[in-house]
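Q: 3D, please:
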Amino acid sequence: MELCQVPGKEKEADISLLVERHGDTLLRFCFLYLNDLQLDQDAVQETYLKAYQNLERFRGESSELTWLTAIALNCCRSLTRSAWFRHEDRRVDLSLLPQASEPFDPKDDTLITQVMALPRKYREVVLLHYYQGIKLREIAQMLSVPEGTLSTRLRRARERLRSQLKGWYFDED
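A: Numbers count the residues shown, from 1 in each chain. This next block holds a predicted model:
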């Protein structure tokens, strides 16, 4: 991990650098997972708090973003287990999604709506692999699931999306 080395304030400077590098990406990931602007901010804040507490345990076997995304995913899962979350109406207008650090101009939100409608085990691997750009090997380590299982989940998710989105893209029938 190539973080800054400020004598006496190494952890604070390292976390500040991580927030600067990956804050927007984690915020968007948590928003997609939770569909709530306030909860995703809470999840990201909790992510950085846990990262700060465990910074010395990061061995550099994965990228900073992979490590932070694993922590964020666990924070999001914890939030979805609460009774309040299960009984709250989770439908949110996608226009409330925080701005991307890179330009993105969707013509239609059908795809993301269908991805978010997938069962959790499929939705997570799709978001981590396609949205976050994390390799299956790293996702397997992150989720403690065999890589073959994730490959199967990804294939099944694509099959479900293909059948649900048939005719949506271009002139498919």
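
Q: in the protein, which ranges drop under the pLDDT threshold?
A: For the chain, applying pLDDT under 70 flags the ranges 1-9, 83-109, 168-173.

Q: which residues in it form strands?
A: With DSSP state E, there are no strands along the chain.

Q: tell me, which helix in it spans the most residues?
A: Using DSSP state H to define each element, the chain has its longest helix at helix 10-34.

Q: What are the buried residues along that helix?
A: 14-15, 17-19, 22-34 (16 or more other C-beta atoms under 10 Å). Backbone N, C-alpha and C define where each C-beta goes, glycine included.

Q: can you pull the contacts of the spatially most central residue of the chain?
A: Closest residue to the average C-alpha location of the chain: residue 29 at 3.6 Å, with C-alpha atoms, centre = their mean. By C-beta atoms under 8 Å, 6 or more residues apart in numbering, the contact set of residue 29 is 69, 72, 127, 131-132.

Q: Are any of the residues you listed buried, and if so which?
A: Of these, these count as buried by 16+ other C-beta under 10 Å: 69, 72, 127, 132.

Q: Pull the contacting residues for the second one.
A: With contact set as C-beta under 8 Å, 6+ apart, residue 72 has these partners: 26, 29-30, 43-44, 47.

Q: Return the closest of those residues with respect to residue 157.
A: residue 29 (16.8 Å; C-beta to C-beta).

Q: ok, now how distant is the closest residue to residue 145 other than its chain neighbours from residue 46?
A: Excluding the flanking residues, the one nearest residue 145 by C-beta to C-beta, 6 or more residues apart in numbering is residue 139, at 7.8 Å. To residue 46, residue 139 is 21 Å away according to C-beta to C-beta, to the nearest Å.

Q: got it, and residue 53?
A: Residue 53 is 11 Å from residue 46, by C-beta to C-beta.

Q: any idea how the chain splits into domains?
A: As assigned by automatic domain parsing, the chain contains the domains 1-94, 106-173.

Q: Could you verify my assumption that residue 67 touches residue 55?
A: No - with contact defined as C-beta atoms under 8 Å, residue 67 does not reach residue 55; the gap is 9.9 Å.

Q: the more surrounded of the two?
A: Between residue 67 and residue 55, counting by other C-beta atoms under 10 Å, residue 67 is the more crowded of the two (24 against 16).
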